[in-house]
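Q: fold the following and give me the result.
(2 chains)
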Amino acid sequence: MLRYVTRRLLGAIPTLFLIITGAFFLIRVAPGGPFDRERTLEPTVMENLNKIFHLDKPLWEQYFYYLGNLFRGDLGPSFIYRDFTVGELLANGLPVSMTLGSLALLLALLIGGTLGCIAALRQNSWIDYAVIATATFGITVPNFVVAPLLALVFGVWLSVLPAGGWNGGAPSNLVLPVIALALPQVAVVARLVRGSMIEALRSDHVRTARAYGLPTRMIVITHALRAACLPAVSYLGPAAAALLTGSIVIEQIFGLPGIGRYFVNGALNRDYTLVMGTVVVIAVFVVIFNLIVDILYAALDPRVRYD
Amino acid sequence: MIRSPFRTSLFATTVLAASVSAASAVTYVRGNDGDPETLDQHKTSTVAEANILRDLYEGLVVYDPAAQVIPGVAESWEISEDGTVYTFALRDDAKWSNGDPVTANDFVFSLNRIMDPATGAKYANILYPIKGAEAINKGEGGELGVKAVDDHTLEITLEQPTPYFLELLTHQTGLPVHPATVEEFGVDFVQPENMVSNGAFALESVTPNDKIVLQKNAEFHDADNVAIDTVEFTPFEDRANCARRFEAGEVHSCSDIAAEQIADLQSRLGDQVRIAPYLGVYYYGINSAREPFDNVNVRQALSMVIDREFLADEVWAGSMIAAYSWVPPGIGNYVAEQPQLDYADTPLLDREDEAIALLEEAGYGPDNPLEVEISYNTSENHKNVATAIASMWEPLGVTTTFNVRDASAHYAMLRDEKVHDVARAGWIGDYSDPQNFLFLNRADNPGFNYGNYDNPEYDALLDKAAAITDLDERAQVLAEAETMFLRDVPQIPLAFYSSRSLVSPKLQGWEDNIQNVHPTRFLSISE
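A: As a prediction, the model looks like this:
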């Protein structure tokens, strides 16, 4: 398995290289630069800044300069947040986004998985319909509606939880953003698990197990659940990468210092290095989580092998 | 909002407990416009940064709670008869947060640093009135007109008389740095563990996108009168988030409110919503270098039919003031009766008739409709304004299209390509003087002259005003320039900005003012 993991990680290098190259040139194609703001700068000042940030050099030279730095693990200085390097900004924001994302993911798996199983076992009962209805609600109502609503109800009207802010990651500050972040994921996981569980429960080996008189709990846990998890596991790869690298909407609404906002702000401000930094982080996360999903898949489904 | 006792939150309890147990430790949670791009006063340019730096540092002069210029590190000053030499007497008890005395040489070092091209100061040009500043900043070398006569006497020589120079020194670019710290740590002097400042507060911690914490500076000369112990600057890009947290009692003030929330917040929070005139103008630059906008009749017709009251009251929900002049009212060093557009008091229907006639004279009407493209940067408010104006132009038979881009692309186009017909822009004054608005339209100021106005007479009037030391006489000349501008209207003034804040009744000492500056050292919190 070690060989498999190493091969996959090495195989990801050209992919990452292509992503970095594509992102580098795409962001430069956008009109405007990092110092084009409402306050136009004096030409001399602009020249000074361009010189400081090497923007006066030809694009190809800037590209190799960036690659060289990246190779040494240096993501460069931020063009906009001038007191920080991109590495420092991401190092500050990533733990926040990861805390939120992993809690939301855990919640999605636990609640979504449980709800999906219950709905499948009680197919076509009111419980099943209630789960489906809740899941549909969770998927269709967007984050930017749910999040402010939660803050308003629990933060402002009832005053039982903070309406926003990070406060060093205090548990009370995590509750609302994690719920808002997890809700759509809970819904998706519940639907996926319900569908695959129903399928698994109808499969031949489960029918055989039933014929042998095994108790339902054992059939579900040892025979059906494993197969029912597979679609959810496949879904969790990209979902985890997205959740752990920050949810722009949630971070914005609750005012949390994660990295989600850096991507949007970086792009809007043409903070080239900051955008590149977030692209690199997200790309690495996607690669790693796809790998984890593949390993999990093989562990859950014996038909899949590491070759 | 009704709250019952059993709804007391865990959070509120914690805050309450903290405030009760440490009655002397008063914390002010202050909503700020956004995260600062930097805390290096020589590299900053935004209001969000100015709010923090004003607490961290003290300049030669400072703003009082009403935004009047009062002594800061300089106790007093003398101005030479020709208005070009300022001699500042520095207070004896001014100290840095590490106990070092603040000396005249610190200002010499600081002003030289901001002009050094290697610093990459975005706003160095604010201080170009200082002799030799522009040449140094342009890399041409020379000597800066700033010298330390002794430790407590600073002399600044200007290129020419600049009546608003003292006001310029209140800007963050005029704040001093601690030379030894800058020399030791370089760009890292802004880090909390390194920063040495001379203001009412010292930097405690910086968490990007979260909060910046300042603690009272015991070395500050007026520390006895500073009532707040800790300031937590919290950035709010999402204005609604600040309003929610304000209502939840988690922040004491918000620096801005979303326009669409104003009416609702006013109905619930009453006078906690503070709307006050602000030194800024929102306008549309008409590209007067381009046909048919080179025709003054076309420009006047387009300006004439705009219902500015509707924009201010409806589109901006009463948070802006209709603008019929270019220079905002209430500005310093200006005439009492400001010039305004001729049709300011004419009923809208009459204006419409007149505008149709003007356009017909220019060859446009139902058979030959005028086509106008409005360029603006992405924002719900800018979109609403553009849509409203397009419908106001309809009676003239104008066909309007829109060109929407994000801010970087919009301003890059205005600066480099200038291919717009009509473009949205705004200007917030850095100092309370009409020159700060009128200079935008100079022919030799392509960076800001979005109307591409090229009128030597206008420029000559500004030059003439620059050489006059008598403030009344100078104001008259500047008013002449504004009259000329309003006659030619290369940029259409639409509205004057207002500051929109939420201020808790607990926060004492907050005075609404045209600069929207509220130094924390003059505020206090009552429980």
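
Q: name the nearest residue to residue 176, sequence neighbours excluded.
A: The chain I'm using is chain A. Leaving aside its sequence neighbours, A:L176 sits nearest to A:L150 (CB to CB, 6 or more residues apart in numbering or on different chains; 4.8 Å). To be clear about C-beta, it is placed using only N, CA and C from the backbone, and glycine gets the same treatment.

Q: try chain B instead
A: Counting by CB to CB, 6+ apart, B:P176 lies nearest to B:S110, which is 4.3 Å off, once chain neighbours are set aside.

Q: look through the stretch 301-450 of chain B and state the residue closest to chain A.
A: B:S408 (3.0 Å; CB to the nearest CB).

Q: identify each buried residue in stretch B:394-412, please.
A: Neighbour-count burial for stretch B:394-412 flags B:396-398, B:400, B:403-412 (criterion: 16 or more other CB atoms under 10 Å in any protein chain shown).

Q: helix, strand or coil for B:I275?
A: Following DSSP: H, G, I helix; E, B strand; the rest coil, we place B:I275 in the strand state.

Q: and it, how far is that from chain A?
A: When distance is defined by CB to the nearest CB, to the nearest Å, B:I275 is 22 Å away from chain A.

Q: so how many other residues sit close to that residue?
A: Burial of B:I275 is recorded as 18 neighbouring residues (other CB atoms under 10 Å in any protein chain shown).

Q: dig out what it forms beta bridges with.
A: Beta-bridge partners of B:I275, counted by DSSP bridges, are B:R500.

Q: now the residue of the stretch 301-450 of chain B closest to chain A, nearest residue through space, not along the chain?
A: Ranked by CB to CB, 6+ apart and with sequence neighbours excluded, the top spatial neighbour of B:S408 is A:G32, at 3.0 Å.

Q: contact partners for the one you found?
A: Going by CB atoms under 8 Å, 6 or more residues apart in numbering or on different chains, A:G32 touches A:R270, B:R405, B:D406, B:A407, B:S408, B:A409, B:H410, B:Y411, B:A412, B:M413.

Q: what sits opposite the second one in the beta ladder?
A: Listed beta-bridge partners, B:R405: B:N377 (assigned using DSSP bridges).

Q: where does pLDDT dip in chain B?
A: Applying pLDDT under 70 to chain B picks out residues B:1-24.

Q: tell me how it divides into domains.
A: B:27-252+B:504-525, B:279-498 (the TED database).

Q: so what's the residue count around B:E527?
A: If you count neighbours by other CB under 10 Å, B:E527 ends up with 8.

Q: now the helices for the stretch 401-527 of chain B?
A: For the stretch 401-527 of chain B, the helices defined by DSSP state H, counting those that start in this stretch cover B:407-412, B:435-438, B:456-466, B:471-488.

Q: got a markdown table for the ones you listed, with distance to B:A425 too?
A: Listed next are the helices of the stretch 401-527 of chain B as a markdown table, based on distance: least, CB to CB, whole Å:
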| stretch | distance to B:A425 |
| --- | --- |
| helix B:407-412 | 8 |
| helix B:435-438 | 12 |
| helix B:456-466 | 18 |
| helix B:471-488 | 15 |
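
Q: relative to chain A, how far out is B:N295?
A: 27 Å.
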